[in-house]
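1. This is the structure alone, sequence omitted:
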């Protein structure tokens, strides 16, 4: 069984291994035990409510209970830019014209902005290669939206994601080589590492404040602005199916696009329903039918998500075997929230669609 839950320190070794296999460019998950341990501690403080909700970092592990290991991680930053300034480039146009010469020129430019300040960010998505496929990536990513749906008061009304930009097998970014490296006396990997380590002040100190005219950059750099890394394309498509769209901002290091959505428009949030739990004391012998459904408890500190067959749902309750109820930390009479795992699927709405007791 796969269980989505708050990250714990016992997940550290598995996370270091996964981060090491992800290659360079995955900014929020460095292959450093020290930095990952610090992020786990920060996340534990957030779940234990030892810091203000708006300053919360919520990291979740996907646990394979049979393998007894963490096989994935994803996260939510309640609001960015509160302690340190959060930077992006806005892709814009600079228009120049001469009526006398009959010339009208539109030049694409990059403007340094702080537009996402005080906005909720999702990120840190990584799934072990051995568990990819079978809807596991959907569960790892979309379970975060159930947490948003349950505890919307802790987050802003808009959510964004910075997608990983284009880089080569050695972790070199064409945009960084053409632009960032000219102002920072360090390579892309070091700048990336300093940023995730919490030292972002150097960006403000060294980055040019004036617009960058894209035609002045090499073609290789211009070509990657707003594009995602090949390995990130599935994640982008999933977010687009949830209602996320490109907002005109890109990452200042590798040019990866920023996509955003209002929380109430996110498909998983919009399609959630609440039902009461009924623990089945008799063996559930019916064959699983219908598209898989995500189900979560209502606990902030001990949030849990897993997937169940659609035919376990009834008109007003969801019937669970004891082992699933135990994994979700729920009892009969507890209220849970459910949502389709896959886009296009519809939750059963009556006894005929859901099956019979």
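-> Sure, I can see it. Model, not experiment: these values are computed from the prediction. Numbers count the residues shown, from 1 in each chain.
2. Find the nearest non-adjacent residue to residue 346, please.
-> Using Cβ to Cβ, 6 or more residues apart in numbering and skipping the chain neighbours, the partner closest in space to residue 346 is residue 340 (6.7 Å). Every C-beta, even on glycine, is put in place using the N, C-alpha and C of the backbone.
3. beta partners for that neighbour?
-> On the basis of DSSP bridges, residue 340 is bridged to residue 293.
4. Neighbours of it, how many?
-> Residues lying near residue 340 (other Cβ atoms under 10 Å) number 22.
5. Please tell me how far it sits from residue 328.
-> 18 Å (Cβ to Cβ, to the nearest Å).
6. rewinding a little: quick one: contacts for the residue nearest to residue 346?
-> Residue 340 makes contact with 268, 271, 291, 293, 294, 346, 347, according to Cβ atoms under 8 Å, 6 or more residues apart in numbering.
7. Quick check: phi and psi at residue 268.
-> phi -60, psi -40 (degrees, to the nearest 10).
8. Please apply the same query to residue 77.
-> Dihedral angles for residue 77 - degrees, to the nearest 10 - are phi -100, psi 120.
9. Please name the residues that touch it.
-> 56, 57, 58, 120, 121, 122, 123.
10. Filter those down to the buried ones and hand me the PyMOL line.
-> PyMOL command restricting the contacts of residue 77 to the buried ones, with burial defined by 16 or more other Cβ atoms under 10 Å:
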select buried, resi 56+57+58+120+121+122+123
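11. Filter the contacts of residue 77 down to just the ones in strands.
-> Cross-referencing the contacts of residue 77 against strands under DSSP state E gives 57, 58, 120, 121, 122, 123.
12. among the contacts of residue 340, which ones are buried?
-> Buried among these by 16+ other Cβ under 10 Å: 268, 271, 291, 293, 294, 347.
13. what about residue 278, distance to residue 318?
-> Using Cβ to Cβ, residue 278 is found at 7 Å from residue 318.
14. Low-confidence regions, the stretch 101-250 of the chain specifically.
-> Within the stretch 101-250 of the chain, the stretches with pLDDT under 70 are 192-193, 195-205.
15. how about the helices in it?
-> For the stretch 101-250 of the chain, applying DSSP state H, counting those that start in this stretch gives helices covering 136-150, 174-178, 188-196, 201-206, 219-222, 233-241.
16. So for stretch 13-22, what gets flagged as buried?
-> Neighbour counts over stretch 13-22 (16+ other Cβ under 10 Å) mark 14, 15, 16, 18, 19, 22 as buried.
17. Tell me which residues are up against it.
-> With Cβ under 8 Å, 6+ apart, stretch 13-22 has contacts from 7, 26, 29-33, 36, 40, 61, 69-73, 126, 128-129.
18. Let me see the mean pLDDT of it.
-> For stretch 13-22, mean pLDDT is 90.
19. Could you number the chain from 40 rather than 1 from now on?
-> Fine by me, first position is 40 from now on; the one you just mentioned is stretch 52-61.
20. Measure how far that stretch is from the centre of its chain, please.
-> Distance of stretch 52-61 from the chain centroid (Cα atoms, centre = their mean, to the nearest Å) equals 17 Å.
21. List the contacts of residue 330.
-> Residue 330 touches 349, 379, 380, 381, 384, counting by Cβ under 8 Å, 6+ apart.
22. Dihedrals phi and psi, the third one?
-> Comment: the main-chain dihedrals of residue 380 come out as phi -70, psi -40, following degrees, to the nearest 10.
23. Neighbours of it, how many?
-> Per other Cβ under 10 Å, the neighbour tally for residue 380 reads 20.
24. Would you enumerate the residues in contact with it?
-> The contact partners of residue 380, by Cβ under 8 Å, 6+ apart, come to 174, 177, 178, 181, 330, 331, 332, 333, 346.
25. ok, it to residue 280 distance?
-> From residue 380 to residue 280 the distance is 12 Å (Cβ to Cβ).
26. what's the answer for the fourth one, then?
-> Here the distance between residue 381 and residue 280 works out to 9 Å (Cβ to Cβ).
27. what's the answer for the last one, then?
-> Counting by Cβ to Cβ, the gap from residue 384 to residue 280 is 12 Å.
28. do residue 248 as well
-> To residue 280, residue 248 is 37 Å away according to Cβ to Cβ.
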